[in-house]
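>>> quick one: sequence plus predicted model below, questions after.
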Amino acid sequence: MSEPSAPGTDSFIGHLVELRDRLLKALVAVMLVFLCLMPWAGGVYDLLAMPMIAALPAGTKMIATGVVTPFMVPVKVTLMAAFVLVLPYVLYQAWAFVAPGLYAHERRFALPLIVGSTLLFLAGMAFCYFFVFGTVFHFIGEFAPQSITPAPDIEQYLSFVMTMFLAFGITFEVPVLVILLVRFGIVGVDKLREMRPYVIVGAFVIAAIFTPPDVISQFMLAVPMCLLFELGLFLARFVAPRPTTSGQSDYQPMSDAEMELELDRDEALRRELAEKESKGNAQ
């Protein structure tokens, strides 16, 4: 006969089991899409390399210096493409795991924040691919000496692309950061407006660190960052805590009915997790 577990142990184990299941579902979805795309892995890389190929001299191709590089690089790109395609499902699994532990007003704020941050990150990648790469590669190509023939290595190109995607994706999250700072009362909208000159300087410093050493790419990262900061200031006005006449926040605690509803929902979730755990022990 097994000894009874501690009061919170079953609930904790149930959460771990649910987390494992949702991670497995997300991983399986990514791998299925990855396997479906694998026959066209070369075409997926060609699509990623299109901005660079368009900037190279006519008849010039990229090179692969490693023995397994012609195979591994397209596989990495295809895996990245599969993850981007399945990202909505992955985020749904994360939301389904977190949502039961949130109050109703927290869910109303968190869901648009998650969806918005995801769309902004993808928008940053798209902006980098469709606008930045072509401009930067043509700009660099114009300064290349006539005595050389550019032949970029595909592995170095992938590393460059991933760095740029990450830099622009994170940059496009600036409105989310501004909204969070204002929503939780860390910094007020008026204070952020006063910090505008420092934000502009910081944007150009960040652009100088994460982009190639040319003025065009730095401007193409710093200017959107400044514009997105202004967008965040505009949206933050709608989520900022409004002080009352007494100078206090306008936050109102939940009513007794709302509290009862949340407690009932939490109790139902605990019973469901306990039933899953008991069935697992029985098997």
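Noted; the coordinates are in hand.

>>> state the pLDDT value of the spatially closest residue to Val176 that is not a sequence neighbour.
Nearest residue to Val176, sequence neighbours excluded (C-beta to C-beta, 6 or more residues apart in numbering): Ser117, at 4.7 Å. In short, each C-beta sits where N, CA and C put it, glycine included. If you check Ser117, the pLDDT there is 88.

>>> wait, isn't Ser117 in contact with Glu173?
Yes. Between Ser117 and Glu173 there is a contact under C-beta atoms under 8 Å: 5.8 Å.

>>> if you count neighbours, what's buried in stretch 157-168?
Tyr157, Leu158, Val161, Met164, Phe165, Ala167, Phe168 (16 or more other C-beta atoms under 10 Å).

>>> touching, the last one and Gly124? I think so.
Yes. Using C-beta under 8 Å, Phe168 is in contact with Gly124, at 4.0 Å.

>>> shaky segments in the stretch 151-283 of the chain?
Along the stretch 151-283 of the chain, segments meeting pLDDT under 70 span 242-260, 262-264, 266-267, 269-270, 273-274, 276-283.

>>> if you set the cut-off to 50 instead, what comes out?
Residues of the stretch 151-283 of the chain meeting the criterion pLDDT under 50: 245-247, 249-251.

>>> hey, where'd the helices end up in it?
Secondary structure of the stretch 151-283 of the chain (DSSP state H, counting those that start in this stretch): helices located at 154-171, 174-183, 189-194, 196-210, 215-236, 256-282.

>>> any idea which of these is most buried?
Mean neighbour counts were compared across the helices of the stretch 151-283 of the chain using mean count of other C-beta atoms under 10 Å; the top stretch is helix 174-183, at a mean of 20.

>>> from the chain's centre, how far out does that one sit?
Remark: helix 174-183 is offset 15 Å from the chain centroid, using C-alpha atoms, centre = their mean, to the nearest Å.

>>> list the contacts of that helix.
Identification of contacts with helix 174-183 by C-beta atoms under 8 Å, 6 or more residues apart in numbering yields 109, 113, 116-117, 120, 186-189, 192, 225, 228-229, 231-233, 235-236, 239-241.
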